[in-house]
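Asks: Structure, please.
(2 chains)
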Amino acid sequence: GDSVTQMEGPVTLSEEAFLTINCTYTATGYPSLFWYVQYPGEGLQLLLKATKADDKGSNKGFEATYRKETTSFHLEKGSVQVSDSAVYFCALSEGFGRGYQKVTFGTGTKLQVIP
Amino acid sequence: DTAVSQTPKYLVTQMGNDKSIKCEQNLGHDTMYWYKQDSKKFLKIMFSYNNKELIINETVPNRFSPKSPDKAHLNLHINSLELGDSAVYFCASSQRREVETQYFGPGTRLLVL
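Replies: Numbers count the residues shown, from 1 in each chain, chains lettered A, B, ... in the order given. So this is what the prediction gives:
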């Protein structure tokens, strides 16, 4: 089946540093790609998404571009804040028949931003 | 108003017991999910229901039984709890046509002793 691989954490950065979290995927079709964020003690929230090749998803200063040629969807932010400390999940959606789809999540990357 | 709510938030119990976790969503979504997140934050889908119909049933022990009395509720019953069941269980919901935009509940932290 389809799968998502993301870089292992934890990633520790100083405030205002540049962030990249790598994500690559394996898919037989043309999945949609997303990033979810999980703040401490909470459930996941959709951060951004891209539905086709070369689309760029963006939200709250985070960006990710759907790269079909490299099967990647890396998450970037130019200047991180302490409040960005969370676990970030890369994910894709795949169809599995009867018109249904399901989301497959990566293993999560913990980001810690220090003042 | 809470969009997706779960009860209880914490559950500590002995091995061998039976327990239930309840989930309700007030977003008008037609699809609901149960996920298990282990101590390493790995998130795995367990079940998904669309309009009360089971559509995803991953490789989960049959001690786990979901029940959806209506499309706003999805409960999870676990029989004969084992140590390895300790995890955080998340309920989520979405529209079938927008499966990527899932709304997650706050999680139920289950500890089996």
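
Asks: and the gap between the spatially most central residue of chain B and chain A?
Replies: Among the residues of chain B, the one closest to the centroid is residue B:34, at 3.1 Å (Cα atoms, centre = their mean). Using Cβ to the nearest Cβ, to the nearest Å, residue B:34 is found at 12 Å from chain A. No exception for glycine: its C-beta is placed from N, CA and C like everyone else's.

Asks: partner residues bridging that residue?
Replies: Beta-bridge pairing for residue B:34 (DSSP bridges): residue B:47, residue B:91.

Asks: what's it in contact with, if anything?
Replies: Contacts of residue B:34 were listed using Cβ atoms under 8 Å, 6 or more residues apart in numbering or on different chains, and they are B:23, B:45-48, B:66, B:74, B:76, B:89-91.

Asks: now do 7 Å
Replies: For residue B:34, the contacting residues are B:46-47, B:66, B:74, B:76, B:89, B:91, by Cβ atoms under 7 Å, 6 or more residues apart in numbering or on different chains.

Asks: Please apply the same query to residue A:52.
Replies: When contacts are counted by Cβ under 7 Å, 6+ apart, residue A:52 is found next to A:30, A:66.

Asks: quick one: it is in a strand?
Replies: No - checked against DSSP: H, G, I helix; E, B strand; the rest coil, residue A:52 lies outside a strand; its state is coil.

Asks: Pull the helix or strand of chain B with the lowest mean pLDDT out as CSV, backbone CA atoms only.
Replies: Between all helices and strands in chain B, the lowest mean by mean pLDDT, DSSP states H and E belongs to strand B:53-57, at a mean of 84. Once side chains and other backbone atoms are set aside, the C-alpha atoms of strand B:53-57 remain, and they are given as CSV (Å, rounded to 0.1, in the frame of the first residue of the first chain):
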residue,chain,number,x,y,z
GLU,B,53,-21.4,1.6,7.9
LEU,B,54,-18.0,0.1,8.7
ILE,B,55,-15.7,1.0,5.8
ILE,B,56,-12.2,0.5,7.3
ASN,B,57,-11.3,-2.3,9.6
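
Asks: Whichever helix or strand comes after that strand vs strand B:53-57, what angle?
Replies: Helices and strands here follow DSSP states H and E; after strand B:53-57, the next one along the chain is strand B:64-70. Interaxial angle, strand B:64-70 versus strand B:53-57 (axes from the mean of the first three to the mean of the last three Cα atoms, to 10 degrees): 150 degrees.

Asks: Got the phi and psi for the residue of chain A found nearest chain B?
Replies: When scored by Cβ to the nearest Cβ, chain A has residue A:43 as its residue closest to chain B, at 3.0 Å. According to degrees, to the nearest 10, the main-chain angles of residue A:43 amount to phi -80, psi 180.

Asks: so it sits right up against residue B:103, yeah?
Replies: No - taking Cβ atoms under 7 Å as the contact criterion, residue A:43 and residue B:103 are not neighbours in contact, 8.1 Å apart.

Asks: and the two? which has more neighbours close in?
Replies: For residue A:43 against residue B:103, the residue with the higher neighbour count under other Cβ atoms under 10 Å in any protein chain shown is residue A:43, and the figures read 22 against 18.

Asks: So the residue of chain B found nearest chain A versus residue A:55, what's the distance?
Replies: The shortest separation between chain B and chain A is 3.0 Å, found at residue B:104 (distances taken as Cβ to the nearest Cβ). Residue B:104 sits 24 Å away from residue A:55, going by Cβ to Cβ, to the nearest Å.

Asks: Okay then, goodbye and thanks.
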